[in-house]
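Visitor: model the following, please.
(one chain, ligands or ions: 2)
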Amino acid sequence: MFEGKTVGVVIPCYNERTQIEQVLETMPDYVDCSIVVDDGSTDGTPGVVRDYIARAPNGHKIVLLEQPNSGVGRAISNGYVESARRGMKVTAVMAGDGQMDPKQLRMVIAPVARGEADYAKGNRLFYRRAWEMIPRKRYLGNAFLSMLTKIASGYWQLADSQTGYTAITSEAIGTIDINALYPRYGYPNDLLVRLNVYNFRVAEVPLRPVYGVGEQSKMRLLKVMPRMSWLIFKRFFWRMWMKYVIHDFHPLVFFYMSAIGAGALGLLLFVRMIWMWAATGEIPPINAMAWMMCTISMIQFALFAMWFDMQMNRDLTILIRRPMDESNKQEAPAQKDEVTV
Ligand SMILES: Nc1nc2c(ncn2[C@@H]2O[C@H](COP(=O)(O)OP(=O)(O)O)[C@@H](O)[C@H]2O)c(=O)[nH]1
Ligand SMILES: [Mg+2]
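Guide: Ligands and ions are numbered 1, 2, ... in the order given. The predicted structure is shown next:
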C-alpha cells in the first residue's frame, strides 16, 4: 500500500536471467503485487522467477505470466489487465533488466496515488548529466521521438516519451482500449495518444537515468526508429479524428487539414517550377508566387492548429520539477554521479 492505494508493478522480461532476481529482491515493501510477464525467454528467465517465488518471503506477492513472444507492449498491456483484475489501484511498470531504480518508484507513483494525475512517467533527459550518462544514439533517437510524440499525443510539455518507468490508475486501464495497445517498443507513445483522447492527466517526474547495471538492450535502433515514427504519424491522425471529431469538436482539425492541402499543392507547384526552369531557363512568376503563397499558408495553418491543440491540452500536463521530498531523500542517498565537487 502506498498512501492508502494498492500498488502493482508490471515487469516485462525477455531474456533477463541475470537481472530479474535483483529487480524482485529490491522491490520496495509498499508494493503489493509484482507481475513478471515473460515473453518466451530462451535463457531460463521463468525458471529463475519460479525459484525466487518458491523461496521469497511472504508478504509481497509475485505472479509470473508467460506469453509467447509477442512484444514488450503486449506484455505490459497483459500485465496491466492482470494488475487491475487483482484490485491494484495503481500499477507501475519497471523493466526486468534493473534499469529502474526502485528508490525512485515512490516518486513515479506518488502523483497517481494522490489523485493528482491518471498516469505518471519519468523524464531522464533533464537530469543534469543526462547527456553523458545516456548513450549518444539513444539520447538523440529519444529526443527525436519525443518531439514527434508531443505533436501526436497533445501532451506538448512532456519530454522523454521513451521511458518505461511509469504508473497508471486502474480507471485509466479500464477506460482506454488497453488490448489494442501497440504490442512492441512504440507502446509508450501509443499509450500517451490514447490517454489524451480521454483527457487523462499526465504527470512527468524527473528521474536519474540508469545505465551500466548489467543490462543488455534488446532494441535495435535502426530497425525500430522508422517503425515507431510511422506509428506516431498514424496515431496523430487517429487522435485528431477521435478527440476533435468523434468525442468533441474543435475547428483545429480544419487548420491541420488546410495545412496538409496547402503543403501538397505547394509541393506540386515547386516541382512544376523547377521543371519549367530546367526546360525553359526561366521561372514563371505566377508559379513562383503561388508556391510562396502555399508555403506561407501551410506554415500559418500548421502553427495555428498546434497552438489551439496546446491550449486544449495545457491543463492535462502536470510537471513535477522538484520531486526530492524529505522521505525520498532518506530513501535515496546521493548517488555517486550526484556528488558535486
Ligand atoms: N515481455 C517482453 N519484454 C521485453 C521484450 N523486449 C524487451 N523486453 C523487456 O522490456 C524491458 C526494456 O527492454 P530493453 O530492451 O532493455 O529496452 P531499453 O532499456 O529501452 O533499451 C526489459 O526488461 C526487457 O527484458 C519483449 O519482446 N517481451
Ligand atoms: Mg533496458
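
Visitor: contacts only, for residue 192.
Guide: Residues in contact with residue 192 (C-beta atoms under 8 Å, 6 or more residues apart in numbering) are 149, 152-153, 155, 158, 161, 202. No exception for glycine: its C-beta is placed from N, CA and C like everyone else's.

Visitor: cutoff 7 Å now
Guide: Contact analysis of residue 192 by C-beta atoms under 7 Å, 6 or more residues apart in numbering lists 149, 153, 155, 161, 202.

Visitor: any chance of JSON lines for those, columns secondary structure and neighbour count?
Guide: Formatted as JSON lines, those follow (DSSP: H, G, I helix; E, B strand; the rest coil; neighbours: other C-beta atoms under 10 Å):
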{"residue": "149", "secondary structure": "helix", "neighbour count": "28"}
{"residue": "153", "secondary structure": "helix", "neighbour count": "28"}
{"residue": "155", "secondary structure": "coil", "neighbour count": "25"}
{"residue": "161", "secondary structure": "coil", "neighbour count": "27"}
{"residue": "202", "secondary structure": "strand", "neighbour count": "28"}
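
Visitor: closest to residue 125 among these?
Guide: Ranked by distance to residue 125 (C-beta to C-beta), the contacts of residue 192 are led by residue 161 at 9.8 Å.

Visitor: re earlier: ok, the contacts of residue 192 vs ligand 2, which is closest?
Guide: Of all the contacts of residue 192, ligand 2 sits closest to residue 161, with 15.7 Å by C-beta to the ion.

Visitor: these two touch, right, the closest one and residue 187?
Guide: No. Counting by C-beta atoms under 7 Å, residue 161 does not reach residue 187; the two are 10.8 Å apart.

Visitor: for the contacts of residue 192, which one is nearest residue 168?
Guide: For those, the nearest to residue 168 is residue 202 (9.7 Å; C-beta to C-beta).

Visitor: beta partners of that closest one?
Guide: Beta bridges link residue 202 to residue 119, residue 317 when assigned by DSSP bridges.

Visitor: give me the domain ranges for the chain.
Guide: Using automatic domain parsing, the domain ranges for the chain come out as 7-220, 250-314.

Visitor: select, out of these, the one closest to ligand 2.
Guide: So among the domains of the chain, domain 7-220 is nearest, using C-beta to the ion, at 4.4 Å.

Visitor: hmm, the closest one in reach of ligand 2?
Guide: Yes. For domain 7-220 and ligand 2, the contact criterion (C-beta under 5 Å from the ion) is met by 97, 99, 215.
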